[in-house]
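Student: build me a structure from this.
(chains A and B)
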2 protein chains.
Amino acid sequence: MPIPDLKTLKEIYQSLQSYTRKTPMIPSEELGARVQGKVFVKAESLQKTGAFKFRGALYRLLKLTKHEKSRGVIAYSSGNFARGLAAAGEILGIDVHLVMPADAPKNKIESARAHGADVKLCYQSEPSREEAAAAEAVRLSRQHDYSLLHPFDDATLIQGQSAVAMEASEQLEQMGETCHFLLCPTGGGSLAAGSSMVFNTVNYPDTQVLAIEPSGYEGMTLSIEEGQRARADGKLFSSCDALQALSPGEKNLSIIQNSKVAGLAVDEEFVHEGIRFAASKLKLILEPSGAIGLGALLQHSEKFRGKTTVIIASGGNIDIEKYAMIIHR
Amino acid sequence: MPIPDLKTLKEIYQSLQSYTRKTPMIPSEELGARVQGKVFVKAESLQKTGAFKFRGALYRLLKLTKHEKSRGVIAYSSGNFARGLAAAGEILGIDVHLVMPADAPKNKIESARAHGADVKLCYQSEPSREEAAAAEAVRLSRQHDYSLLHPFDDATLIQGQSAVAMEASEQLEQMGETCHFLLCPTGGGSLAAGSSMVFNTVNYPDTQVLAIEPSGYEGMTLSIEEGQRARADGKLFSSCDALQALSPGEKNLSIIQNSKVAGLAVDEEFVHEGIRFAASKLKLILEPSGAIGLGALLQHSEKFRGKTTVIIASGGNIDIEKYAMIIHR
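Tutor: Residues are numbered from 1 along each chain as shown, chains lettered A, B, ... in the order given. Predicted structure coming up:
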């Protein structure tokens, strides 16, 4: 798959700017001191709908044909893509149908409905909750002639997700900062793929994009290592409900194989440490999947010693009772 | 006291920009729908040290004479000014001594110390915790020849605090938005005074600055109504530890009397509602004093119907166990 050039990537970002929020790049002196380097947190949790998924969903819908727009779309999602797609559909006047796992966080289900989406819950969890919901979405798309959108394995969607990294690169440039590592929370890999396109193209040749995955769900890490799509076993418990894809998307992996992306796994306890750090030091509410980049820095501090690291923190959609329990421990 | 002109206010803001963070202006569609208008939240909780106080403290220190800088400064503060002053002193290499009430939030005391300040705790609470700490700061300044800084009743400090509103006005202009109400959390009144200077001067003639106070601590509201400094009785319980001054500063009131600022009180239960709203919808951690503007909108929705309202949300410094209890209820 050809990688868009810089001009195209900038145009993609600009085409979304009137809908999306520019999220802040927050320096963390505490984390910087911990690794004797510099650390910035790109607070994408403050994006509309609380996650980067809104950017890609919006771009995907903008690229539908007129006929496809009139028919409406269907997708399966564990939550943040659902929420982002619902909001994007509401803005653009396109009907959105969703299949979500019944155990998705309540706030994600309710928010998708609040944005006018038609949400069906899927109670199956075999072979995995994602794959069961995906099969149901395929069935419904055929039955009703909706456009079937994949939550991550989609070239146009990946291009839309590149907007996060384009915005970050512009912010880094304005601050006169370098970037050695860019940490992307990774499920199917659309953020990591979109980010690698940007950082391969813009003037940051020393940046390595890291795909950060929950331990037990390192489908991307395994795939990069083996040079082909591999599957994690998904047997460990993880609270990162947005990052439980067992294999990366095909298109995502193909883009990532053309760059120097590496994978890194984070244990559950460090994800929770990341949530608490964000609460007490950054004043940001992060869901587990949004805090995994902070968790990576806390668990693997040595790796980041003396370097400049940018952590994408997305998203912020967590049921508040669960959140209270995590920060209170 | 003469009000600085627009050029001077812009220069003040610009002189601080290399030290301070530009905090985001976050639109809240939910709140907008609730008042059938538009609502923006200026997330000053994301400022360095978690509150707007950092801006004023920094400006105050920059304006010290060389001799004063070498002697060091002393101030009393219930917390956010202490934290801001400690960080500003650390950046500028000026010794900072602080007297804080012993019941100030632990995170505020610890953070001031982490920034290298010398913190003495004051255990008295008569006539009020602020006044007891103030008397102790005066005593120490005489004994050691430190410059005594007032946490709010100081013309230079107020000018520094105007930077928040200057930044907000620039963001509003860029977005092409009007502003009918600007809500400022108010204790001694430095934010409200600084903001009223800006909004009297920039091209927003229809903006009314509202000084938002906790019920029972409406010193500013009473003073505006009576046309002279008045004193609240402080007998109700309030979790807004940063807003418990019983009377506004003299200089603050004098600036405010020259504009059309009005006061508005918020009950404790709505402060907590504001905290929960910020957590679940905005993904922001706010301390009670930082959520009081949201509380004002939730308690007095009618007042804001059909209008465009900007809420300054500052700060975010709350002990995390207390926070967990509030959001969990």
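Student: quick one: stretch A:82-90 to chain centroid distance?
Tutor: 15 Å (Cα atoms, centre = their mean, to the nearest Å).
Student: contacts for it?
Tutor: A:19, A:48-58, A:60-61, A:73, A:75, A:77, A:94-96, A:98, A:100, A:104, A:108-109, A:111-117, A:119, A:149, A:317 (Cβ atoms under 8 Å, 6 or more residues apart in numbering or on different chains). Where C-beta positions appear, they are placed from N, C-alpha and C, glycine not excepted.
Student: give me the buried subset of those.
Tutor: A:19, A:48-58, A:60-61, A:73, A:75, A:77, A:94-96, A:98, A:100, A:104, A:108-109, A:111-113, A:115, A:117, A:119, A:149, A:317 (16 or more other Cβ atoms under 10 Å in any protein chain shown).
Student: now, which of these lie within helices?
Tutor: Among the buried ones among the contacts of stretch A:82-90, the ones falling in helices (DSSP state H) are A:53-58, A:60-61, A:108-109, A:111-113.
Student: ok, so of those, who is nearest residue A:168?
Tutor: residue A:55 (12.0 Å; Cβ to Cβ).
Student: low pLDDT regions in the stretch 1-150 of chain A?
Tutor: For the stretch 1-150 of chain A, the stretches flagged by pLDDT under 70 are A:1.
Student: where exactly do the strands run in it?
Tutor: A:25-27, A:38-42, A:73-76, A:96-101, A:118-122, A:147-149 (DSSP state E, counting those that start in this stretch).
Student: so for residue B:211, which of those sits nearest?
Tutor: So among these, strand A:25-27 is nearest, using Cβ to Cβ, at 28.6 Å.
Student: kindly reformat the strands of the stretch 1-150 of chain A as JSON lines containing distance to chain B.
Tutor: Compiled in JSON lines, those are given as follows (distance: least, Cβ to the nearest Cβ, whole Å):
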{"stretch": "strand A:25-27", "distance to chain B": "6"}
{"stretch": "strand A:38-42", "distance to chain B": "10"}
{"stretch": "strand A:73-76", "distance to chain B": "22"}
{"stretch": "strand A:96-101", "distance to chain B": "17"}
{"stretch": "strand A:118-122", "distance to chain B": "19"}
{"stretch": "strand A:147-149", "distance to chain B": "23"}
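Student: show me the one of these that comes nearest residue B:312.
Tutor: Across those, residue B:312 has its closest neighbour in strand A:25-27 (18.1 Å, Cβ to Cβ).
Student: what is the closest one packed up against?
Tutor: strand A:38-42, helix A:155-175 (3 or more Cβ pairs under 8 Å, 6 or more residues apart in numbering or on different chains; DSSP states H and E).
Student: angle of the shortest one against helix A:155-175?
Tutor: Using axes from the mean of the first three to the mean of the last three Cα atoms, to 10 degrees, the direction of strand A:38-42 lies 130 degrees away from that of helix A:155-175.
Student: got the buried residues for strand A:38-42?
Tutor: For strand A:38-42, by 16+ other Cβ under 10 Å, it's A:38, A:39, A:40, A:41, A:42.
Student: put the alpha carbons of stretch A:228-247 into CSV.
Tutor: Below are the C-alpha coordinates for stretch A:228-247, written out as CSV (Å, rounded to 0.1, in the frame of the first residue of the first chain):
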residue,chain,number,x,y,z
GLN,A,228,3.6,-11.9,9.4
ARG,A,229,0.3,-11.6,11.1
ALA,A,230,0.4,-13.5,14.4
ARG,A,231,-2.2,-14.0,17.1
ALA,A,232,-1.9,-13.3,20.8
ASP,A,233,-3.6,-15.8,23.1
GLY,A,234,-5.6,-13.2,25.0
LYS,A,235,-5.5,-15.3,28.1
LEU,A,236,-4.4,-12.7,30.7
PHE,A,237,-6.8,-10.4,32.3
SER,A,238,-6.5,-6.8,31.0
SER,A,239,-8.6,-3.8,31.8
CYS,A,240,-7.7,-2.2,28.5
ASP,A,241,-11.0,-2.9,26.9
ALA,A,242,-10.1,-0.9,23.7
LEU,A,243,-6.9,-2.9,23.0
GLN,A,244,-8.0,-6.5,23.0
ALA,A,245,-7.7,-7.3,19.3
LEU,A,246,-5.7,-10.5,19.2
SER,A,247,-4.2,-9.8,15.7
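Student: quick one: that stretch near chain B?
Tutor: No - using Cβ under 8 Å from any Cβ of the partner chain, stretch A:228-247 never reaches chain B; the gap is at least 14.4 Å.
Student: residues from the stretch 201-329 of chain A in reach of chain B?
Tutor: Checking the stretch 201-329 of chain A against chain B by Cβ under 8 Å from any Cβ, the hits are A:276, A:279-280, A:282-286, A:316-317, A:320-321, A:323-325, A:327-328.
Student: for residue A:306, give me phi and psi.
Tutor: phi 80, psi 0 (degrees, to the nearest 10).
Student: next, work out how far apart the closest residue to it other than its chain neighbours and chain B are.
Tutor: Nearest residue to residue A:306 in three dimensions, chain neighbours excluded: residue A:37, at 5.0 Å (Cβ to Cβ, 6 or more residues apart in numbering or on different chains). From residue A:37 across to chain B, the span is 19 Å (Cβ to the nearest Cβ, to the nearest Å).
Student: just to revisit the earlier point, most tightly surrounded among the helices and strands packed on strand A:25-27?
Tutor: Of the helices and strands packed on strand A:25-27, the one with the most neighbours on average (mean count of other Cβ atoms under 10 Å in any protein chain shown) is strand A:38-42, at a mean of 25.
Student: show me what that strand is packed up against.
Tutor: strand A:25-27, helix A:29-35, helix A:155-175, helix A:288-299, strand A:308-312.
Student: for it, which outside residues touch it?
Tutor: Against strand A:38-42 from outside (Cβ under 8 Å, 6+ apart): A:23-28, A:31-32, A:164, A:167-168, A:171-172, A:177, A:278, A:282, A:284, A:293-294, A:297, A:304, A:307-313.
Student: partners of that strand, with directions?
Tutor: In the sheet, strand A:38-42 lines up against strand A:25-27 (antiparallel), strand A:308-312 (parallel) (DSSP bridges).
Student: next one: it to chain centre, how far?
Tutor: 17 Å.
Student: same check on stretch A:14-25?
Tutor: Centre-to-centre, stretch A:14-25 and its host chain are 16 Å apart (Cα atoms, centre = their mean).
Student: and what of stretch A:116-123?
Tutor: 21 Å.
Student: domain ranges for chain A, per the record?
Tutor: A:6-52+A:155-328, A:53-149 (automatic domain parsing).
Student: for the longest one, measure first residue to last.
Tutor: What it means is domain A:6-52+A:155-328. 45 Å (Cα to Cα, to the nearest Å).
Student: can you check stretch A:243-262 too?
Tutor: 16 Å.
Student: can you check stretch A:301-318 too?
Tutor: End-to-end for stretch A:301-318, by Cα to Cα: 26 Å.
Student: buried set for that stretch?
Tutor: Buried-residue list, stretch A:301-318, by 16+ other Cβ under 10 Å: A:304, A:307-318.
Student: tell me what the closest residue to residue A:181 other than its chain neighbours is bridged to.
Tutor: Excluding the flanking residues, the one nearest residue A:181 by Cβ to Cβ, 6+ apart is residue A:309, at 4.5 Å. Following DSSP bridges, residue A:309 is listed with bridge partners residue A:39, residue A:181.
Student: ok, now which ones touch residue A:309?
Tutor: A:35, A:37, A:38, A:39, A:40, A:179, A:180, A:181, A:182, A:183, A:297.
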